[in-house]
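# give me a 3D structure for the following:
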Amino acid sequence: RRELLLHARKMVEAGSGPVRILLGFEDVTERRATEREKERLQLHADKLVLQKELLLEEMQHRVINSLQIIASILMLKARAVSSDETRQHLEEAHQRVMSIAAVQKHLHTATRGDLIEIAPYLSELCRSLGESMIGESRPARLTVLADNATVTSADAVSMGLIVTELVINSLKYAFPGHKDGATVAVRYEAVGTGWELSVADNGIGRAEGAAPPVKGGLGTSLVTALAHQLNAKVKRENTGRGLRVAITSLVAA
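Here you go, the predicted structure:
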């Protein structure tokens, strides 16, 4: 069976001659077969993509639920132990597991694509951190200012974990007593062809002349490792009104 395409064109001539029609026949059998095969393959590819998205969504839900279960177990253990030091370690482990769960949750709800809008992502993440960390015993204001930029989902995970770690540290240590106007500010901005992510507070800062620790704590090590994944450097400085930690991308020349 062949498929033919009929072309018909009216021929317009000067004068009042007879009307003529120019007919053309084109054999499109192979072209139509190719088009149908392409359409079939496209439908099959769309189904595979949909299945992949459903599987990823289910996997992300399972990961988040598993992290929350682990965090709950850590908190139960922290309440059961009698050693203050062990309790502190378990509570810190609980907070870090919850921070990873929060990052995964907000990353999942941000977008299904590979690029993440950084402003709403950081805003939602910090809103969640504020709800869990800020209360009557630790009053403070958490603000976010970010450029209209997008980052890859992998970079968003690292940035979210960095922000979570730095915000938790500021809320825990920057304001040892109640302070009016206590603020932690998260900022993301483009710097030339790179970017800078910073967390600053108006707390007690680092004591002037204090030597940095010979070996950083777990939080410091995490931030340094995550910055290395982002090809960025970490800088800590007293601003005269608190402590500011900036992560700046290293742009290749």
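# find the nearest non-adjacent residue to I168, please.
Leaving aside its sequence neighbours, I168 sits nearest to Q95 (C-beta to C-beta, 6 or more residues apart in numbering; 6.0 Å). Yep, even glycine has a C-beta here, placed from its N, CA and C like the rest.
# do I have it right that the one you found meets V167?
No. If you go by C-beta atoms under 8 Å, Q95 and V167 don't touch, sitting 10.8 Å apart.
# neighbour count winner among the two?
V167 (24 against 20; other C-beta atoms under 10 Å).
# helix or strand for the more buried one, which one?
Assigned by DSSP states H and E, V167 belongs to helix 153-173.
# angle of the next helix or strand after that helix against helix 153-173?
Using DSSP H and E, the next helix or strand after helix 153-173 towards the C-terminus is strand 183-191. Between strand 183-191 and helix 153-173, the angle comes out at 150 degrees (axes from the mean of the first three to the mean of the last three C-alpha atoms, to 10 degrees).
# sort out which residues of strand 183-191 are buried, please.
T183, V184, A185, V186, R187, Y188 (16 or more other C-beta atoms under 10 Å).
# so what touches the next helix-or-strand element following that strand?
Heading C-terminal from strand 183-191, the first helix or strand you meet, by DSSP H and E, is strand 194-201. Residues from elsewhere that reach strand 194-201, judged by C-beta atoms under 8 Å, 6 or more residues apart in numbering: 149, 159, 162-163, 166-167, 170, 174-175, 182-189, 232, 239, 242-251.
# now do the following helix or strand past strand 194-201 against strand 194-201, angle only.
Counting by DSSP H and E, the element after strand 194-201 in chain order, helix or strand, is helix 218-229. Comparing the axes of helix 218-229 and strand 194-201 via the same axes, to 10 degrees yields an angle of 170 degrees.
# distance between helix 218-229 and the chain's centre?
Chain-centre distance of helix 218-229: 17 Å, with C-alpha atoms, centre = their mean, to the nearest Å.
# tell me which of the buried residues of strand 183-191 is nearest to H228?
Y188 (18.5 Å; C-beta to C-beta).
# list the contacts for the closest one?
Applying C-beta under 8 Å, 6+ apart, the residues contacting Y188 are I118, A119, L122, L145, A146, D147, A149, M159, W195, E196, L197, S198.
# doesn't the fourth one fall inside a helix?
Pointing back at L145 there. No. Counting by DSSP: H, G, I helix; E, B strand; the rest coil, L145 falls outside a helix, being strand.
# test my guess that it contacts T183.
No. The criterion here is C-beta under 8 Å, and L145 misses it with T183 at 11.9 Å.
# so which bits of stretch 50-67 are buried?
I64, L67.
# which one of the buried residues of strand 183-191 is nearest L50?
Checking the buried residues of strand 183-191 one by one against L50 (C-beta to C-beta), the nearest turns out to be Y188, at 32.9 Å.
# the closest one pairs with what?
Applying DSSP bridges to Y188 gives these bridge partners: A146, L197.
# how near is it to W195?
As judged by C-beta to C-beta, to the nearest Å, Y188 and W195 stand 7 Å apart.
# got it, and H106?
19 Å.
# ok, M59 next?
Taken as C-beta to C-beta, the span from M59 to W195 is 29 Å.
# kindly report the same for S99.
Distance from S99 to W195, by C-beta to C-beta: 21 Å.
# likewise for I118?
Distance of I118 to W195, given as C-beta to C-beta: 9 Å.
# and for the two, which residues touch both?
Joint contacts of I118 and W195 (C-beta under 8 Å, 6+ apart) are A149, Y188.
# chain center to the helix holding V167: distance?
On C-alpha atoms, centre = their mean, the centre of helix 153-173 falls 11 Å from that of its chain.
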